[in-house]
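Colleague: Compute the structure for the input listed below.
(chains A and B)
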Amino acid sequence: MIEILPRALFLGLSTGIFCLGTCAPVMAPFMLSEERSAYSEKVKPFLLFTAGRFLAYVLIGALAGWTGGLAGNALTRNLAGISLLLLAMLMVIYGLTTGFPQLRFCRMISPYLGRIRAPFAAGILMGVNLCPPFLIAAADVFVMGSAFNGAAFFMVFFAATTVFLVPFIFLGYLSYLPAVRAVGRLSSLIVGAIYFFIGLNSLAS
Amino acid sequence: MPEKTLINSHSRKTSVFLTALMAFLLAFLILGGNRDNPRMMAAGAVYLVFLTVITYLIFRTGMVGKYRSIFFATYAVGFSLSFIPMLIETRGSMFLSGEEILSLSAPLCHLTLPMIAIPAVVYGFLIFPTKLFSEMGFFPMLYLWLGATLFLGRGWCSWGCFYGGVDEFFSKLLPKKIVSSKNFNYTLRFFPYAFLLVIVLWAFIALEPVYCTWFCPFKAITEFIKPTNWLMWVQTGIFVSIFLGLVVVLPLLMKRRTQCGLFCPFGAFQAVIGQVNPYRVKIDGEKCTKCNTCVQQCPTFSLTEEAVSKGKSCISCTRCGKCMDVCPRGAIQYSLIGVPLRNSEKGGGFFGEVFRPDTLFIFGALLFGGVLSSGMVSTSLLRITNLAVNGSFLLK
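Modeller: Numbers count the residues shown, from 1 in each chain, chains lettered A, B, ... in the order given. Below is the predicted model of the structure:
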């Protein structure tokens, strides 16, 4: 089993720039939208998002290793489409509740959003999305025939790709500026609208 | 002449000198390049007279916003009337064909620069189908942008951008605003920055100029890919809707440049990068009565009550001069970093007026915009003449 881990590491390091590009539009709004004073608070959205992504990677890795495939093209495409739609809704709701808290809808939904930990949920939904590095890693896992090996492969792959996301921690320091927070909240709405369209397109095709 | 003396007005002597200097430089730069083409030279001469008159009126009256607006709208109309017929002459329609994309022949515009920068650095190639060194390729546009940033900062959006004038044109058509912006939510003025962030990241993931593909409203007056499937029809519907909504209808109703102020991601990019330019718009706290006339009139939503209380415009300010035109106390002026604000409209004598920050900015901006627009406006004049004589906009 040990021989597959360096492969996962190098795969993660060589394709991590794509992970950065894919996760950045979702992560940036969470890092920028809310004012946080303590260091631990600044890092919190990053850690929650990363934890969500980790959970999704391990589950998908174990599932792919166990079943020897991603359970058919149509199902995986639908899963990706549905996760994108859910992610889009989450981003829109997050953008609205942080940017326009005075709206009646936002006052109603805010407590629930806090309970599900929006960055964590976004990490899970982002993690099950089929970005190119993810698909390459999944293709490697198919031939293993073991849930444990699959999960281990994805854990290492996750660690390697996360290195590229670390700079996002520093975005949290910009959130003390009201203008930056407004940009973060509005970008959450824009990302939500775009992902909603992409999700619909994925389901329709 | 207006009843009151405006902060940017100059004495007759200084105005005549600055106008003569501008006319000389423009004649050298505009007419010098067309010596082998008498028709273009004649059209250039007409435009030169127009620019000379605008220069005199700006300096003499100090109504920068008013007369710049006439120049800027003329520039935009000239751009549209020269570019669209040029496309029809060369390729038969406004459609960008597959061959042109494959041969990297699409003209690059400045709006794409923020999107193509990161992929170019990371992967070493352009994600836009253009050549590096062709006439309307990457490097000419890069140099133009660098020059504009150094000379104008975000002033580019009110003195040099051939798209911004389209907004301006429509915002000037009706005498009074129909939709009041009294209850306008000023959070929305951050939309271009958020949009910039998203499209830069999205372009990096997708490795395509997503703003051009999906959103750019100015495809309606330049070029676009012929829709052949439902997805392309959606893209066409989006950019046409944005053009009609933000470039035509809202500017007409609100008398504001809604596309430039609330949508354009390049404007946001230019606002941030343009901080390297030393010119600013400042408000004299001693003169200002906080009447907020400027806040209500700023075309790009770059003045807020908070900004006024801080004595400066927001970074999105396009240096259009409108606030200076409407301020009843003459409290708003162009300034240079490190140079104290002027206390009165008068004073300083001839040299004092010539070397004032407002004089230097307006002169540089008008010269830049004048030279940049000359080819487009001159060609459009030829096309209008051709339409009157031969019944066609097409010259070939």
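Colleague: And residue B:4, what's its pLDDT?
Modeller: On pLDDT, residue B:4 comes in at 58.
Colleague: so after the helix or strand residue B:170 falls within, what's the next helix or strand?
Modeller: Element membership of residue B:170, judged by DSSP states H and E, is helix B:164-171. Next helix or strand after helix B:164-171 toward the C-terminus (DSSP H and E): helix B:191-206.
Colleague: ok, and does that following helix reach over to chain A?
Modeller: Yes - shown here: helix B:191-206 in contact with chain A (CB under 8 Å from any CB of the partner chain) through B:191, B:193-195, B:197-198, B:201-202, B:204-205. Quick note: C-beta positions are derived from backbone N, CA and C, even for glycine.
Colleague: May I ask which of these comes out lowest in pLDDT?
Modeller: residue B:205 (85).
Colleague: Report the spatially nearest residue to that one, omitting neighbours in sequence.
Modeller: In space, and not counting its chain neighbours, residue B:205 is closest to residue A:21: 4.1 Å by CB to CB, 6 or more residues apart in numbering or on different chains.
Colleague: For the helix ranked longest in chain B, name the packing helices and strands.
Modeller: What stands out as the longest helix in chain B, according to DSSP state H, is helix B:357-390. If you count contacts as 3 or more CB pairs under 8 Å, 6 or more residues apart in numbering or on different chains; DSSP states H and E, helix B:357-390 packs onto helix B:12-26, helix B:38-61, helix B:64-91, helix B:138-152, helix B:156-159, strand B:332-336.
Colleague: Which one of those has the poorest average confidence?
Modeller: helix B:138-152 (a mean of 90).
Colleague: buried sites along that helix?
Modeller: B:138, B:141-142, B:144-145, B:148-149, B:151-152 (16 or more other CB atoms under 10 Å in any protein chain shown).
Colleague: likewise stretch B:341-357?
Modeller: Neighbour-count burial for stretch B:341-357 [16+ other CB under 10 Å]: B:341-342, B:353-354, B:356-357.
Colleague: Nearest to chain A among those residues?
Modeller: residue B:341 (24.6 Å; CB to the nearest CB).
Colleague: Indicate the residue of chain B located nearest to chain A.
Modeller: Counting by CB to the nearest CB, chain B gets nearest to chain A through residue B:194 (3.6 Å).
Colleague: can you redo the buried residues of stretch B:341-357 as CSV with distance to residue A:37 and pLDDT?
Modeller: Shown next, in CSV, are the buried residues of stretch B:341-357 (distance: CB to CB, whole Å; pLDDT from 0 to 100):
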residue, distance to residue A:37, pLDDT
B:341, 36, 85
B:342, 42, 81
B:353, 50, 90
B:354, 51, 92
B:356, 45, 92
B:357, 40, 93
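Colleague: what's the most distant pair in the residues you listed?
Modeller: Maximum pairwise distance among these (CB to CB): 18.2 Å, between B:341 and B:354.
Colleague: per-residue confidence at residue A:136?
Modeller: 75.
Colleague: how about the helices in chain A?
Modeller: A:4-32, A:39-67, A:73-99, A:104-116, A:118-127, A:132-142, A:147-162, A:178-204.
Colleague: let me fix that: the stretch 201-350 of chain B
Modeller: B:210, B:230-242, B:250-254, B:258-262, B:265-273, B:293-297, B:305-310, B:322-326, B:349-354 (DSSP state H, counting those that start in this stretch).
Colleague: now the longest helix of chain B, how far from the centre of its chain.
Modeller: 13 Å (CA atoms, centre = their mean, to the nearest Å).
Colleague: Give me the buried positions along that helix.
Modeller: So for helix B:357-390, counting by 16+ other CB under 10 Å, buried means B:357-359, B:361-383, B:386.
Colleague: Same check on stretch A:83-103?
Modeller: Those would be A:83-88, A:90-99, for stretch A:83-103 by 16+ other CB under 10 Å.
Colleague: List the contacts of stretch B:353-363.
Modeller: Stretch B:353-363 is contacted from outside by B:7-8, B:10-11, B:14, B:17-18, B:21-22, B:58-59, B:64, B:155, B:279, B:319, B:321, B:333-336, B:339, B:342, B:348, using CB atoms under 8 Å, 6 or more residues apart in numbering or on different chains.
Colleague: what stretches of the chain score poorly on pLDDT?
Modeller: I'll assume chain A. For chain A, the stretches with pLDDT under 70 are A:1, A:68-76, A:130, A:142-145.
Colleague: my bad, chain B
Modeller: B:1-5, B:344-347.
Colleague: please redo it, this time with the cut-off set to 80
Modeller: B:1-6, B:32-35, B:97-105, B:134-136, B:343-348, B:396 (pLDDT under 80).
Colleague: what does it put close to chain A?
Modeller: Going by CB under 8 Å from any CB, the residues of chain B near chain A are B:122, B:187-188, B:190-191, B:193-195, B:197-198, B:201-202, B:204-205, B:231.
Colleague: again, only using 7 Å
Modeller: B:122, B:187, B:190-191, B:193-195, B:197-198, B:201-202, B:204-205 (CB under 7 Å from any CB of the partner chain).
Colleague: Most widely separated two among these?
Modeller: Most distant of the residues of chain B next to chain A, by CB to CB, are B:122 and B:187, 32.4 Å apart.
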